[in-house]
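In: need a structure here:
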Amino acid sequence: MSYDITVTTLIIGFKTLTLVLGGLITYLAYRAYNRTHSRSLGALALGFGFVTLGTFLAGVVDQLLDAGFQTGLVIESALIAVGFLIIVYSLYTTRP
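Out: Prediction:
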C-alpha cells in the first residue's frame, strides 16, 4: 500500500515539475515571439503550450475527474503529439 502512495506522489511531483518547466519554456518562447514577431517562435511557443497542456490535462483527468489513468494518458499523448508536430513545423518554417 505504501508503494502506491510513493509512486503516486512521485508521479504528481514530476508532473508538477514538468508543468512548471513547460510553462516557463512556453512563456519565454512567447516573449521572444513578441519581441521578434517571428512566425517560427510563435509556433514554437504554441507547440510547447500544447505539450504543457497535455501534461496538465492528464493530471486533471486522472486525479480530479477520476476518469482513470488510461484516459489521462490518451489525452496527454494526443496533445503532446500535436505539440511536437507544431514544434517540428516551427523548426522548418522560414517565413518571417
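
In: drop to CA atoms for contacts and neighbour counts, all remaining ones
Out: OK.

In: list the buried ones in the helix or strand bottoming out on mean pLDDT in the chain?
Out: Within the chain, no helix or strand scores below helix 2-36, which has a mean of 89 by mean pLDDT, DSSP states H and E. Within helix 2-36, the residues scored as buried using 16 or more other C-alpha atoms under 10 Å are 15, 18-19, 22-23, 25-27, 29-30, 33.

In: name the nearest of these relative to Phe69.
Out: Nearest to Phe69 among those: Lys15, at 13.3 Å, using C-alpha to C-alpha.

In: quick one: contacts for that closest one?
Out: Taking C-alpha atoms under 8 Å, 6 or more residues apart in numbering, we find Lys15 in contact with 55-56, 59.

In: please redo it, this time with the cut-off set to 7 Å
Out: Thr55 (C-alpha atoms under 7 Å, 6 or more residues apart in numbering).

In: list phi and psi for Ala43.
Out: Dihedral angles of Ala43 (phi, psi; degrees, to the nearest 10) stand at phi -70, psi -40.

In: how many other residues sit next to the closest residue to it other than its chain neighbours?
Out: Spatial nearest neighbour of Ala43, chain neighbours left out: Ser90 (5.2 Å); criterion: C-alpha to C-alpha, 6 or more residues apart in numbering. Ser90: 21 surrounding residues under other C-alpha atoms under 10 Å.

In: which secondary structure element contains Ser90?
Out: Element membership for Ser90, per DSSP states H and E: helix 69-92.

In: buried residues in stretch 78-91?
Out: 79-84, 86-87, 90.

In: what mean pLDDT does it have?
Out: Confidence over stretch 78-91 (mean pLDDT, whole number) is 96.

In: who touches the helix holding Ser90?
Out: Against helix 69-92 from outside (C-alpha under 7 Å, 6+ apart): 40-41, 43-44, 47-48, 50-51, 54-55, 57-59, 61-62.
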